[in-house]
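K.L.:
Just a sequence and a predicted model for now, questions to come.
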Amino acid sequence: MTTLANRNKTALVVIDVQNGVVENAFNRNAVVANIGIAVAAARSAGVPVIWVQDLSVKEESGEQAWNIVAELEVLPQELSVHKNFRSSFEQTNLEQLLAEHGVGHLVVCGAESNNCLRHTAHSALDRGYDVTLISDAHTSNGYEWDGHEISAEQVVHEQNDNFTDYKLPGRKAEIIKAADLTFTSEIN
């Protein structure tokens, strides 16, 4: 249903599943396993997998922290985006990659739910993409702000709630569990 002309393909976008980002994240092992399920399903269906990495992690914590977690293998032919901002679209090659591959539907997963994942998903919707959030394949850390504490679990649930039955003119956002995810090469 995307508003982007001639963009009827789907891509899986895996955001910031880097050692330094998810090391202490909520439900880390289960989330990484579910991302692995999504990656395998995308590869099996011939759907492009795009790996996003936050450059600030490398600058602040070094190469090991910047690397994608060991449980997930990035294949040489898969696409990558290196970013400096919360949105994976901001001053990156993401839009160009999506246009080159005719993508109008993004399936997103990764970290952090309330930062880079949220900003990327909403930026995609603003640009006319359909977005599917894998509800059990994103994670975050809790935080304290202005005297109150927000748990990571609350952050994850709020992001899932935010994408439930969310529609915009000509495009939609939805959620799905990793086990229920199926990819087709084209969207309706």
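P.N.:
Great, that's in hand.
K.L.:
Please report the distance of the residue located most distally from the centre of the chain from E112.
P.N.:
Within the chain, G147 marks the point farthest from the mean C-alpha position, 29.5 Å out by Cα atoms, centre = their mean. Relative to E112, G147 is positioned 21 Å away (Cβ to Cβ, to the nearest Å). Just so you know, the C-beta spots here come from the backbone N, C-alpha and C atoms, and that holds for glycine as well.
K.L.:
residues of stretch 53-66 that come out buried?
P.N.:
Neighbour-count burial for stretch 53-66 flags Q53, D54, V57, K58, A65, W66 (criterion: 16 or more other Cβ atoms under 10 Å).
K.L.:
got the contact list for the nearest residue to the second one once chain neighbours are set aside?
P.N.:
Put plainly, it is D54. Nearest residue to D54, sequence neighbours excluded (Cβ to Cβ, 6 or more residues apart in numbering): D16, at 5.0 Å. D16 sits next to V22, V52, Q53, D54, V57, G110, A111, E112, C116, L117 when contact means Cβ atoms under 8 Å, 6 or more residues apart in numbering.
K.L.:
In contact with the second one: list those residues for me.
P.N.:
Taking Cβ under 8 Å, 6+ apart as the definition of contact, the neighbours of V52 are 13-16, 80-83, 88, 94, 110, 116, 120.
K.L.:
quick one: which of the buried residues of stretch 53-66 sit in strands?
P.N.:
Q53, D54 (DSSP state E).
K.L.:
Count the residues that sit near P169.
P.N.:
8 (other Cβ atoms under 10 Å).
K.L.:
Show the buried residues in the contacts of V52.
P.N.:
Listed as buried from those are V13, V14, I15, D16, S80, V81, K83, S88, L94, G110, C116, T120; burial here means 16+ other Cβ under 10 Å.
K.L.:
quick one: low-confidence ranges for the protein?
P.N.:
Counting by pLDDT under 70, the chain contains low-confidence residues at 1, 185-188.
K.L.:
mind running it again at 80?
P.N.:
By pLDDT under 80, the low-scoring segments of the chain are 1-3, 184-188.
K.L.:
Tell me which stretches of it form helices.
P.N.:
Counting by DSSP state H, the chain has helices at residues 19-22, 28-45, 55-61, 63-66, 94-100, 118-126, 152-163.
K.L.:
what sits up against the fourth one?
P.N.:
Read that as helix 63-66. For helix 63-66, contacts defined as Cβ under 8 Å, 6+ apart pick out Q18, N19, G20, V21, E23, Q53, D54, L55, V57, K58.
K.L.:
Next: the last one.
P.N.:
Contact partners of helix 152-163, identified using Cβ under 8 Å, 6+ apart, comprise 25-27, 112-114, 117-118, 121, 131, 133, 135, 138-143, 173-175.
K.L.:
I am finished for the moment; much appreciated.
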